[in-house]
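A.B. asks: next input, structure requested:
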Amino acid sequence: MPPIERHTLRTAVAKSSTWKELYRRLGYAGSPPGGSTRQRIRQAISSAGIDSSHLNGKTGPKTTWTDDDLRAAVLAATTWKQVTDGLGCNYATAKLNSERLGLDTSHFPLARLRKPPKVAAIVDRASPKRFGQAAESVAVAWYALHGYSVFVPACGIESSADLLAVRGDSMRRVQVKSGGRKASSGHVEVGISHGARSKSRARPYLAAEVDEFFVITSDFATYRIPREAVDAKKAIVLGPKYEKYRVDLTVAPVYL
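C.D. replies: Numbering: from 1, shown residues only. So this is what the prediction gives:
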C-alpha cells in the first residue's frame, strides 16, 4: 500500500460513515482491500490521532468493546463464534487479542482436523510377459539375500554360467533359465540346454560348465536345481519331481 498523506486520510475519514466508504475514498473502488492493507490503514489512522469511532459497517471491526469485555466473552462462550458474535468482531481480532491477554480458551472444542489428502496408491503389477528379462535379476537377488556374493561375467567374455555365487569356500556356477509354455501335463516346461531356442543345436550343459540352474516361470515360481538332478536333459517339466527344489525370495537365517 503506498503511503497516504495525513491530510488526505483525515479528510477521507471525516467524509465517510462506514469503513467500506472510507476504503472507496482511498482508491479501493472495487472490493475492500485485503486484511493486511486494512490493518495498515487502521494503524495509519491511529498513528495520526484521527477519530474513526463514527465508522461502522460489516467491513470494519467494531472497537466498542474493552479487554474486560473480551475476558467476559471468552469465559462465557464455548466457541469462538459466540465470542465474535457477542463482540461484533472477526475471529482473527478475537484470537489475537485473547492471546495478547493470555486468556484461557481450553474449554473451546478443538477445530476439526482436516483429513489428509488421499494419495493414490502406486499400482504397478508384475507382468508375466517381462519375466524372462527379469530372470537374471531375480536370481541375483535370491543369492544375495541368502548370503552369497554374486558376480556376473563381464560383457564380451564367454561363459557357460550366467552368475558366480560365492559364499565362504563354496562357489556355484549358475545358469539362469526361464519359461512359460505349458506341457500336456499342465506344468511349465523349461529349456535348460545350450541353444535352447534351437532344438537342432541344443545340447545339455556339462558338469565342467555349470553347477546348478536357477529357473523362474511365468507364474513367478522359482527353482534352484542342481545340474545332476536334470539327468543331462535339454528340457524339463516342472512337475512334482522338482517341487523339492522350489525356492522363494523370503529371507531365512544364514549360517556361514
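A.B. asks: what about this protein, any weak spots by pLDDT?
C.D. replies: When residues are selected by pLDDT under 70, those of the chain lie in 1-2, 29-33, 56-64, 110-117, 123-124, 126-129, 156, 195-200, 250-256.
A.B. asks: now do the helices in it.
C.D. replies: 6-15, 19-25, 35-47, 67-76, 80-87, 91-101, 131-145 (DSSP state H).
A.B. asks: from Ser184, how far out is Ser218?
C.D. replies: Ser218 sits 17 Å away from Ser184, going by CB to CB, to the nearest Å. For every residue, glycine as well, the C-beta is placed using N, CA and C.
A.B. asks: those two: which has the busier surroundings?
C.D. replies: Ser218 (17 against 7; other CB atoms under 10 Å).
A.B. asks: thinking that one is in contact with Ala134, fair?
C.D. replies: No. Using CB atoms under 8 Å, Ser218 is not in contact with Ala134; the gap is 11.1 Å.
A.B. asks: could I get the buried residue list for stretch 141-152?
C.D. replies: Trp142, Tyr143, His146, Gly147, Tyr148, Val150 (16 or more other CB atoms under 10 Å).
A.B. asks: check this structure for its longest strand and report it.
C.D. replies: Identified as the longest strand of the chain according to DSSP state E is strand 170-179.
A.B. asks: where along the stretch 151-256 of the chain do the strands fall?
C.D. replies: 163-167, 170-179, 189-191, 193-194, 203-204, 212-217, 222-226, 235-237, 246-247 (DSSP state E, counting those that start in this stretch).
A.B. asks: in TSV: those, plus distance to Ala154 and mean neighbour count.
C.D. replies: Output for the strands of the stretch 151-256 of the chain, formatted as TSV (distance: least, CB to CB, whole Å; neighbours: other CB atoms under 10 Å):
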stretch	distance to Ala154	mean neighbour count
strand 163-167	12	19
strand 170-179	15	19
strand 189-191	25	20
strand 193-194	20	18
strand 203-204	25	13
strand 212-217	20	24
strand 222-226	24	18
strand 235-237	29	20
strand 246-247	27	14
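A.B. asks: can I get those in JSON lines with distance to Thr37?
C.D. replies: As requested, the strands of the stretch 151-256 of the chain are exported to JSON lines (distance: least, CB to CB, whole Å):
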{"stretch": "strand 163-167", "distance to Thr37": "70"}
{"stretch": "strand 170-179", "distance to Thr37": "69"}
{"stretch": "strand 189-191", "distance to Thr37": "76"}
{"stretch": "strand 193-194", "distance to Thr37": "82"}
{"stretch": "strand 203-204", "distance to Thr37": "86"}
{"stretch": "strand 212-217", "distance to Thr37": "68"}
{"stretch": "strand 222-226", "distance to Thr37": "68"}
{"stretch": "strand 235-237", "distance to Thr37": "81"}
{"stretch": "strand 246-247", "distance to Thr37": "71"}
